[in-house]
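J.: here is a sequence with its predicted model. Questions after.
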Amino acid sequence: MKQSDRPSGVSSAVQCEAGGGGTHEDVKVDPDERNDGQQKPGSPEINNNKEKTRSKSSKQRHNHKERTADVKLCGEDENLCESVQVKKRRVKDEESPEKHDKNQSSGRKRKKTSSEHEKAEKNKKTKKDGDQEKKKKAEESDKWKWWEEGKSSDTQKWSSLEHKGPYFPPEYEPLPDNICFYYDGQPMKLSPATEEIVTFYAKMLDHEYTSKEVFQNNFFSDWKEEMTKEERKLIKMLSKCDFSQIHKYFVEKSEERKNMTKEEKQVLKEEASRLMEEYGFCLLDGHREKIGNFKLEPPGLFRGRGEHPKMGKLKKRIQPEDVTINCSQDSKIPAPPAGHHWKRVQHDNTVTWLASWLENIHGRPKYIMLNPSSKLKGEKDWQKYETARRLKMKVDSIRKQYRRDWTSREMKSRQRGVAIYFIDKLALRAGNEKDDESADTVGCCSLRVEHITLHRRLDGQEHVVEFDFLGKDSIRYYNKVPVEKQVFKNLKLFIKHKDPEDDLFDRITTVKLNKTLNECMPGLTAKVFRTFNASTTLQDQLNKLTTGGMTVEEKILSYNRANRAVAILCNHQRAAPKTFEKSMQLLQEKVRHTIIIIIIILKAVQRLSEQLKKLQLQETDREENKVIALGTSKLNYLDPRISVAWCKKHQVPVEKIYNKTQRDKFAWAIDMTDENFQF
DNA sequence: ACTACAACTTAGGATATTCCAA
DNA sequence: TTGGAATATCCTAAGTTGTAGT
C-alpha cells in the first residue's frame, strides 16, 4: 500500500503526441490513470535507490565528449543520406526589439489618469471612511504602478537606492550551565564557538541525515577546525560524542515556544514587524520597495538536497567584514554594526542587489535583493512572459528546423536537434555541466546514457524512450515517452559505443544550444520553452475545461486541473502530505456520509447536495494534487494575465486564484488585464 | 572557444498562521 | 475552544544565463 498509493507522477500523466507540432494539448490528468502503482518520483526512498555512483569524475566523463566520431554519418542508418545537402537553414529573425511593447499587449488597459490624480482621488474618498479603511486606502494609493510607466533601461537598474543594510542574526547564546555536552560519557564544557556548532548538530538529531556517513564526516572535520587545541586533543571520535541532553533541551525549548500565551506571541509578532519596518524596505528611485531577504542567513549546518557531497559542512556566521553594500553614492550609507566595518561599499546601478557576501560552502556569492512585488522583479517577470509569447509566433519554424537537424550529416546538429526537441516536448531544463562538489543531478544537455532506456515497443507503443534521472533539487524525473522514429534512431546512434556514464549529447553544451536558439529568436534560451509550454498549456486547458453554466467551485476545479497539467509537465513535485491517506479517508467518509444523509432526509436534499458537491470537488482536487506542487508554476511560469483574464471572463474572484502575496506580485497583471487577454 | 564568475530565477522543504469541524 | 489540516510565508539551495578574461 505504501508503494501502490504513489502515482507515477510524470510517467503516464503527460502524454504528448509524438509530433513536433501541437505538443501539449493532450495532457491527461485523470486521477485514476495516475495511480498505476509506480513509485512516486522524488520520494526519499526513491532518491536513495536512485543514487548513482559516479564512477568517473566529471573531468573524466568530459573526455568522452569527443568520443562520437564526427564522420559522415551515411551508412549508419538508411535515412542518413537523404539530406546531406541540407545546410542549417537560416531562420529569419523577426527583429522585434527585446523591449516589450506594453501598449500592444492584448487586454491592456491604458490608464489615462496620472498617479498623482489617483492619489488625490483616493485621499478624498478616505475622509469619510473609518480609520481602518483610511489606512488601507492610503497604503493602496502608495503602491507604485510602475507598469503604467514606460519601460526602463535594461542595463541601468536604478538611479537612486538607499537602504539600511542587512539585518544580522542575533549572537550565539551559550547553553545554561545545567545543559552539557558529554564525551565518552564524561561531561565537558566547551568554548562558546565549539559549543555553538554542537547545538547545530544537536538540533538536527532526529533528522535521518545526521545518520549519514557523509554528513557526519563533513560535520566532524569542520567542527574540529573550529575547536580549541585542547578540545581537539580530547575529541577524537564523533561516535563518542553525546548530544542528547542538548537535543532534549532544544526540543523542550521549541515546545515552550509553541505553548506561549497569546500575549507573548503578540510581543514577538510586534518585534518582527518592527524589524521589517526598519530593515525590510529600501528606497528605490523615490519609491519604498520591499526587500526579499533582508535577514542574513544564520550560521548552521549545510544540508544540500539529495546525496550532496557537502552535507553536514559548517555554514559560517557572516560578519560585516564579509558583506559588500551596494547603494547610491549620495544616499545615507548603511551603518555597519558597532565596532565593525563593511567589506566594501559600492555604487553600481547596473545590478539590482543591495548587499552581497560569499557563502563558505561553495564560495558562491549570495545577495540581498528585492521582493517579487517590486518593480525591478516585476518588470523582469513581465518581460519573461513577453519573450515566451514571442516564442509562440516562432515555435513552428523552430520545430521545423530541429526536425531538419535530426537528419543532418553532422553529429552535433543531430544532437542539438534532439536536445531542443526534448526541451520543447518535455520541458526539460537546459542541464549545465556540474562539478563533483555538488549532487549528481542532470538536465537535458547533461543527460547520460544511463538515464535513458530505448524500447522499440512498449505497452503497445512504438519507439518509447524511458527517462529516469534526478533533476534539479534531486527530484526524480521518470517518464516513458513515445518519440518519432528519427529521434529514436538518433538516440540509438548517440549511445553507440558509449558507456552508461558517458554523456548522451557529447557534442553540444548549453552554451552552444542557447546560442543556436538565440539565432532563431532574440532572447530565446532553453528556459523560455518551459515558460512558453507552461503558459500555453494553461491557456489551452482553461479554454478547454471551462464551460458556461459552471458554478464558481466547478470553475475553480477546472482551473486547478489546468494548473496541475502544467505542474505535471514541469515535473513540479512535493512529498505527499504526511497524513494524506488518513485525511483522504476522512474526506471520503464524509462524502459517503453525506450521501446517506441525503437518502434519509429527502427534505434537506437541496441544501445537502450542495454540500456534497463541494466536498467532492475538494476530494478530487486534493487527490489530483497529491504529489503536485502548483505554486511554482503559478509563481514562475504562468503568465498571470491568463489567470486574471480567465477570472474576469468567468466572474471568478481573483482572490480565489491568487493569495495576497501573489496578488501583490502580479498587481501589474491584475490591473492591466481585461477578460479578452489571450496568451 | 572555453572557463570562471557574477547575477539573477526557480524550487522544495520547514515553519508559521489560518481555517474549520467536532 | 481546540486540534489538526490547509495554506501562506520564509528560507535558502540549486538551477540558468550573460559576460569578462584568456
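T.: Yes, it's here.

J.: pretty sure residue A:500 contacts residue A:447?
T.: No - in terms of C-beta atoms under 8 Å, residue A:500 does not count as a neighbour of residue A:447; the distance is 11.6 Å. C-beta here means a position set from N, CA and C on the backbone, and glycine is covered the same way.

J.: so for these two, which residue has more residues nearby?
T.: residue A:447 (21 against 11; other C-beta atoms under 10 Å).

J.: chain neighbours aside, what residue packs nearest to that one?
T.: Leaving aside its chain neighbours, residue A:447 sits nearest to residue A:504 (4.4 Å; criterion: C-beta to C-beta, 6 or more residues apart in numbering).

J.: ok, that neighbour - contacts?
T.: Counting by C-beta atoms under 8 Å, 6 or more residues apart in numbering, residue A:504 touches A:447-449, A:451-452, A:491, A:494-495, A:498.

J.: and stretch A:163-182, how far out from the chain middle?
T.: Chain-centre distance of stretch A:163-182: 31 Å, with C-alpha atoms, centre = their mean, to the nearest Å.

J.: ok, and does it reach over to DNA strand B?
T.: No - applying C-beta under 7 Å from any atom of the strand, one finds stretch A:163-182 separated from DNA strand B by no less than 13.5 Å.

J.: tell me how far the longest helix along chain A lies from the chain's centre.
T.: Of all the elements of type helix in chain A, the one with the most residues (DSSP state H) is helix A:375-405. The chain centre lies 19 Å from the centre of helix A:375-405; the measure is C-alpha atoms, centre = their mean.

J.: relative to the whole chain's centre, how far out is the one helix or strand residue A:419 maps to?
T.: Of the helices and strands defined by DSSP states H and E, residue A:419 is found in helix A:411-426. Relative to the chain's own centre, helix A:411-426 is displaced by 24 Å; criterion: C-alpha atoms, centre = their mean.

J.: pLDDT of it, averaged?
T.: Across helix A:411-426, the average pLDDT comes to 96.

J.: what of stretch A:633-645?
T.: Stretch A:633-645 comes out at a mean pLDDT of 90.

J.: ends of it, how far apart?
T.: 17 Å (C-alpha to C-alpha, to the nearest Å).

J.: how about residues contacting it?
T.: A:105, A:107, A:372, A:385, A:388-389, A:530-531, A:534-535, A:538-539, A:542, A:559, A:563, A:566-567, A:570, A:572, A:654, A:657-658, A:662, A:665-666, A:669-670, A:672-679.

J.: are any of these buried, and which?
T.: Among the contacts of stretch A:633-645, those buried by neighbour count (16 or more other C-beta atoms under 10 Å) are A:105, A:107, A:372, A:385, A:388-389, A:530-531, A:534-535, A:538-539, A:542, A:559, A:563, A:566-567, A:570, A:572, A:654, A:657-658, A:662, A:665-666, A:669-670, A:672-673, A:677, A:679.

J.: check whether stretch A:636-647 contacts DNA strand B.
T.: Yes - against DNA strand B, stretch A:636-647 shows contacts by C-beta under 7 Å from any atom of the strand at A:636-637.

J.: pull the distance from that stretch to the chain's centre.
T.: Relative to its chain's centre, stretch A:636-647 lies at 18 Å (C-alpha atoms, centre = their mean).

J.: which positions in that stretch come out as buried?
T.: Buried-residue list, stretch A:636-647, by 16+ other C-beta under 10 Å: A:637-647.

J.: before we move on, the earlier item: so which of the buried ones among the contacts of stretch A:633-645 are also by DNA strand B?
T.: Among these, the residues that sit close to DNA strand B (C-beta under 7 Å from any atom of the strand) are A:530-531, A:570, A:572.

J.: the residues you listed: which two are farthest apart?
T.: Spatial extent of these (C-beta to C-beta) is set by the pair A:531 and A:572 at 13.4 Å.

J.: what's the overlap in contacts for the two?
T.: Joint contacts of residue A:531 and residue A:572 (C-beta under 8 Å, 6+ apart) do not exist.

J.: quick one, domains of chain A?
T.: Domain assignment for chain A by automatic domain parsing gives A:31-83+A:381-526, A:532-672.

J.: for DNA strand C, see how far away residue A:244 is.
T.: Plainly put, residue A:244 is 25 Å away from DNA strand C if you go by C-beta to the nearest atom of the strand, to the nearest Å.

J.: with residue A:198 instead?
T.: Distance from residue A:198 to DNA strand C, by C-beta to the nearest atom of the strand: 18 Å.

J.: can you list which of the buried ones among the contacts of stretch A:633-645 are found in strands?
T.: Within those, no residue falls in strands by DSSP state E.

J.: picking up where we left off before, and which of the contacts of residue A:504 is nearest to residue A:227?
T.: Nearest to residue A:227 among the contacts of residue A:504: residue A:448, at 40.9 Å, using C-beta to C-beta.

J.: circling back to that earlier point, make a markdown table from the buried residues of stretch A:636-647 and add distance to residue A:264 and secondary structure to it.
T.: Output for those, formatted as a markdown table (distance: C-beta to C-beta, whole Å; DSSP: H, G, I helix; E, B strand; the rest coil):
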| residue | distance to residue A:264 | secondary structure |
| --- | --- | --- |
| A:637 | 41 | coil |
| A:638 | 41 | coil |
| A:639 | 44 | coil |
| A:640 | 39 | helix |
| A:641 | 44 | helix |
| A:642 | 45 | helix |
| A:643 | 40 | helix |
| A:644 | 41 | helix |
| A:645 | 46 | helix |
| A:646 | 44 | helix |
| A:647 | 40 | helix |
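
J.: and the two most separated of those residues?
T.: So, these by C-beta to C-beta: farthest apart are A:637 and A:647, at 18.0 Å.

J.: near DNA strand B, which residues of the stretch 351-500 of chain A are found?
T.: So far as C-beta under 7 Å from any atom of the strand goes, the stretch 351-500 of chain A lies against DNA strand B at A:351-353, A:356, A:364-365, A:367, A:369, A:377, A:380-381, A:384, A:429, A:472-473, A:475.

J.: those residues, buried ones only, as a PyMOL selection?
T.: In PyMOL syntax, the buried subset of these is picked out as below (16+ other C-beta under 10 Å):
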select buried, chain A and resi 352+353+356+369+377+381+384+429+475
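
J.: now the closest residue to residue A:301 other than its chain neighbours, what's its secondary structure?
T.: Closest residue to residue A:301 apart from its sequence neighbours, by C-beta to C-beta, 6+ apart: residue A:200 at 4.8 Å. Three-state call for residue A:200 (DSSP: H, G, I helix; E, B strand; the rest coil): helix.

J.: wait, residue A:200 sits on residue A:299?
T.: Yes - at 7.3 Å, residue A:200 counts as touching residue A:299 under the criterion of C-beta under 8 Å.

J.: list the residues that contact both of those two?
T.: Shared contacts of residue A:200 and residue A:299 (C-beta under 8 Å, 6+ apart): residue A:314.

J.: any stretches of chain A with poor pLDDT?
T.: For chain A, applying pLDDT under 70 flags the ranges A:1-141, A:577-596, A:598-606.

J.: identify the single longest strand in it, thanks.
T.: strand A:461-470.

J.: the inter-axis angle of it versus helix A:411-426?
T.: 90 degrees (axes from the mean of the first three to the mean of the last three C-alpha atoms, to 10 degrees).

J.: what residues of strand A:461-470 count as buried?
T.: A:463-465, A:467-470.

J.: stretch A:627-635 now?
T.: So stretch A:627-635, judged by 16+ other C-beta under 10 Å, has buried residues A:627-630, A:632-635.
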